[in-house]
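Asks: When you get a sec, could you give me coordinates for this:
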Amino acid sequence: MATYSTVKARNLFSDVLNKAAFGKERIILTRRGRNLCAVVPIEDMELLEKFEETMDIEDARAASREAAECGTVSLEDLKREIGLS
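Replies: Presented below is the predicted three-dimensional model:
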């Protein structure tokens, strides 16, 4: 994976974008020798978004199962329990 300082990436901006967009390369940008962010192909970003959506759906299903098995607490009861009412 290529690594560029932010200064070098700024000077070679179109090259960096082309490498990611057309060369399907992932490029790490650094500042003061530390990893700062990455420029990635859009396909990688779309895949990450789909993965996050899948994880959110799985979390929601697990929460729904837990609520069905353990029951729920009303907002008013929760407020009383934590001292807000």
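Asks: Run through who's touching the helix or strand of the chain with the lowest mean pLDDT.
Replies: Scoring the helices and strands of the chain by mean pLDDT, DSSP states H and E places helix 75-81 at the bottom, with a mean of 93. For helix 75-81, the surrounding residues in contact (Cβ atoms under 8 Å, 6 or more residues apart in numbering) are Val73, Ser85. No exception for glycine: its C-beta is placed from N, CA and C like everyone else's.
Asks: at 7 Å what do you get?
Replies: The contact list for helix 75-81 (Cβ atoms under 7 Å, 6 or more residues apart in numbering) reads Ser85.
Asks: Tell me the gap between it and the middle of its chain.
Replies: Computed by Cα atoms, centre = their mean, to the nearest Å, the chain-centroid distance of helix 75-81 equals 33 Å.
Asks: Grab the CA positions of it and hand them over as PDB.
Replies: Taking C-alpha atoms only, helix 75-81 is exported to PDB below (Å, rounded to 0.1, in the frame of the first residue of the first chain):
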ATOM      1  CA  LEU A  75     -39.400   5.300  29.500                       C
ATOM      2  CA  GLU A  76     -41.100   6.500  32.600                       C
ATOM      3  CA  ASP A  77     -39.800   3.500  34.600                       C
ATOM      4  CA  LEU A  78     -36.300   4.100  33.300                       C
ATOM      5  CA  LYS A  79     -36.400   7.800  34.200                       C
ATOM      6  CA  ARG A  80     -37.500   6.800  37.800                       C
ATOM      7  CA  GLU A  81     -34.800   4.200  38.000                       C
END
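Asks: Which parts of the chain belong to which domain?
Replies: Domain assignment for the chain by automatic domain parsing gives 2-40, 43-81.
Asks: Now the last one: buried residues?
Replies: By neighbour count on 16 or more other Cβ atoms under 10 Å, the buried set for domain 43-81 is empty.
Asks: Use 14 as the first number from now on
Replies: Understood, numbering begins at 14; the last thing we discussed is domain 56-94.
Asks: And the residue lying farthest from the centre of the chain, how close does it get to Asp28?
Replies: Largest separation from the mean C-alpha position in the chain: Ser98, at 36.4 Å (Cα atoms, centre = their mean). Look at Ser98 and Asp28: by Cβ to Cβ, to the nearest Å, they are 60 Å apart.
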